Each structure stands twice: as structure tokens, then as C-alpha cells.
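1. 3D model of this:
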Amino acid sequence: MTTLQIVLALLSGGVVGLSLGLIGGGGSILAVPLMVYVVGVPSPHVAIGTSAVAVAASALMNLFGHARDRNVKWPCATVFAISGVAGAALGAALGKTVDGAKLLAAFGVVMIVIAALMLKPRRGGDDPQVRLDSQSAPRLLPPLAGTGFGVGALSGFFGIGGGFLIVPGLVTATSMPLLNAIGSSLVSVSAFGLTTAASYALSGLVDWNVALLFIAGGTVGGFAGIGLARDLSARRHLLSLVFSAVVATVGLYVLARGIFAFF
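-> Model (predicted):
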């Protein structure tokens, strides 16, 4: 890697971490286009595999904090994650068979969809005491397993964390409060990322140098984002609007660059 690429990888990782710390999500969806168009990773498949490593590392660091604060509903989170790992393994296997240019164009579409989801206010459920046990299993297991598998498949196919899909999925399946859904979602984000990363790494499709630089930059950016979030807490909705516009714009750019691959 050149010195310029090292700097760009650190800065790009910082952008991802800043987003995660500032608005609690969305950064991982930018990792792939940043790797391809800014850092210069030549293969979309390598970019997806490498971003999965960075996403998993970031999620694990955040999970420790939420677990310490007891925000994680472990039984529900575990079922969702286990089902999602199966989906992520399938999605990653399918993603590697798709032409890189077509995969990148489809990724642009996903970015636009996620940008739209970011505009929708996050709402939690009204059952803070929800728990998965022998009595609630017939009611909770089917939606947890089904939603987990579907979200995991998308996560594995595109190499994204999937938090904006996991959080509402957990709320819908269990009616748990938003804070618990955010904390519990990190179990799945970590598991999906590790599954996707392992699949791509076994195929030699991970650039470990870029991954480490993204993680280093993301750590610094995350601390900065958390600090800014405290100062700009009254403007979080505005920040989400701005960031969703950025994600949608980048998604349109990625789609425009790759759409000709379908013809």
C-alpha cells in the first residue's frame, strides 16, 4: 500500500466510526464504496470481505458497552443471531458467485433503501420484561428465527452490518424497548460480520491491511462521534437526515457506476 492509501484508509475508517458514534448506525453501509472508490481496493468482493471484518470488530467493541449496561436480551439475541448466521453463510456464498460489477450496482440499490429507512424514526416496543423461555417460545421463536435468517442473508450477501434491519426486526418479533433492541442487535451484527468475513477470508478475499486500518480509524472516529453526539443531542434528527442524504447520494453514484453491468 502507498502512503496515500494508508491515510485514505484511516480517514475512511474514521468516517465509518464517526457515523456509528454520532447517530448509532449507518457507517458500515459506507465501508464498501469507501474501500472501492476512495482507498482503491480493486475488487468489490475483496471490499465486501474486508468491510465485514471491520464491521464485526466495531460491533464487538460496542457490544461490550451495552452488555455492561445490561441492555442485551441474550436469549432473544442469541436465537436471532444463530438463525442469521445460517442466512449470512448462504448470503456470502451466493455473493461470491455474482459478478463484481453487478454486485456493486445491487449494493447501490440497498444503500438507497437503507437511506430511506434511516428517515423513519426508530420506535421501541412496550414490553421491557420480555424474555424467551419455555412459555414464550411458541410465540417468539418463529418470528425471531425467520427474521434473523432473512436479515442475515442480506448481511452476508452485501457484507453490511444490517443494524437498521435487525433493530426493527427484534422490536417487531418481541416488542422489546428500543435500547434493548439496539444492544441485542450487536450480537447479530458481530455474528453476521464474523460469518461473512470467515467465508470471504477462506476464499482469499480479505485485505487484512486495509481492515486493520479501517478498525484503527473507526475506533478514533467512534470516540469523536460519541463526543459530538453529546454536544449535538438536540439535533440528532437533523444529523440523521443529512446522513441519510449522503448515503442515498453515494448509493445513486454506485448504482450509476455499475448499472451498465446488467446490459
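
2. Quick check: Leu179 vs Val167, distance?
-> If you measure Leu179 against Val167 using Cβ to Cβ, to the nearest Å, the figure is 10 Å. C-beta here means a position set from N, CA and C on the backbone, and glycine is covered the same way.

3. Pick out whichever of the two has more residues nearby.
-> Each of Leu179 and Val167 has its neighbours counted (other Cβ atoms under 10 Å); Val167 has more, 27 against 13.

4. Run through the residues that contact the closest residue to Ala248 other than its chain neighbours.
-> Nearest non-adjacent residue to Ala248, counting by Cβ to Cβ, 6 or more residues apart in numbering: Ala115, 3.7 Å away. Contacts for Ala115 were tallied using Cβ atoms under 8 Å, 6 or more residues apart in numbering; they are Ser244, Ala245, Val247, Ala248, Gly251.

5. Nearest to Gly14, out of these: which one, please.
-> Distance to Gly14, by Cβ to Cβ, is smallest for Val247 among these, at 16.8 Å.

6. I'd say the closest one and Ile114 touch.
-> Yes. The pair Val247 / Ile114 is scored as a contact, 6.3 Å apart, by Cβ atoms under 8 Å.

7. tell me which element Leu165 is part of?
-> Taking DSSP states H and E as the definition, Leu165 sits inside helix 163-174.

8. That helix packs against which elements?
-> helix 74-95, helix 100-119, helix 137-158, helix 178-202 (3 or more Cβ pairs under 8 Å, 6 or more residues apart in numbering; DSSP states H and E).

9. and the third one, average pLDDT?
-> The predicted model assigns helix 137-158 a mean pLDDT of 93.

10. Would you mark the buried spots in that helix?
-> By neighbour count, and taking 16 or more other Cβ atoms under 10 Å as the criterion, the buried residues in helix 137-158 are 140, 144-145, 147-158.
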